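**Student:** mind folding the following:
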Amino acid sequence: MNETTRPASFREAFYRRERRSVPLARQFVREVLIDWACELDLGDVLLCVSELATNALVHGVPPGRGFRVQLTWGEVLRIEVHDSGGGAVGEPAHPAPLAEYGRGLVLVGALADAWGVGERDPGKVVWCDFAASASKLVTTAPRAHHLP
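**Tutor:** Numbers count the residues shown, from 1 in each chain. Okay, here's the model as predicted:
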């Protein structure tokens, strides 16, 4: 079956409103992409997952609730983070050079092929897309430096 006729694959996971959920979401996405053999820069994808999950956790998940990460791989890899809180997501602002916050969506916009926000009741879904193909997973592991 070639890529143009390959049916979309889907996976999802739910995370509670707790700090350890962001690394768990990254681990989930990493494992799925390895299983799907997506040819993507894993570092870029996982950075976007971190940013979207962190934003959901900090701004979109009321106490006692959680967020959902959904992955769909068809013609593109789509990562969606669903939350149940209020608050709108607008165009990312460019933070001051020494600001501690405010770069997440700027990074997502720079690394992903597309991103956006959709409505759900209650809450919202923030998504990003990456062009993907099946063959191998490209990882960006640190290079070892060898001394002569």
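
**Student:** how about the strands of the protein, start to end?
**Tutor:** Using DSSP state E, the strands of the chain run over 9-16, 66-73, 76-83, 114-119, 124-131.

**Student:** helices or strands up against the first one?
**Tutor:** What that stands for is strand 9-16. When contacts are defined as 3 or more C-beta pairs under 8 Å, 6 or more residues apart in numbering; DSSP states H and E, strand 9-16 packs onto helix 21-36, strand 66-73. Yep, even glycine has a C-beta here, placed from its N, CA and C like the rest.

**Student:** the nearest residue to residue 14 once chain neighbours are set aside: how many residues sit nearby?
**Tutor:** The shortest distance from residue 14 to any residue other than its chain neighbours is 5.1 Å, reached at residue 68 (C-beta to C-beta, 6 or more residues apart in numbering). By the criterion of other C-beta atoms under 10 Å, residue 68 has 18 neighbours.

**Student:** which strand residues bridge the closest residue to residue 114 other than its chain neighbours?
**Tutor:** Once flanking residues are discounted, residue 114 sits nearest to residue 129: 4.5 Å by C-beta to C-beta, 6+ apart. Under DSSP bridges, the beta-bridge partners of residue 129 are residue 78, residue 114.

**Student:** mind putting the helices and strands packed on strand 9-16 in CSV, distance to residue 125 and mean pLDDT included?
**Tutor:** Shown next, in CSV, are these (distance: least, C-beta to C-beta, whole Å; pLDDT from 0 to 100):
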stretch, distance to residue 125, mean pLDDT
helix 21-36, 14, 96
strand 66-73, 8, 96
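
**Student:** go through those and pick out the most buried.
**Tutor:** Of all those, strand 66-73 has the most neighbours on average by mean count of other C-beta atoms under 10 Å, namely a mean of 20.
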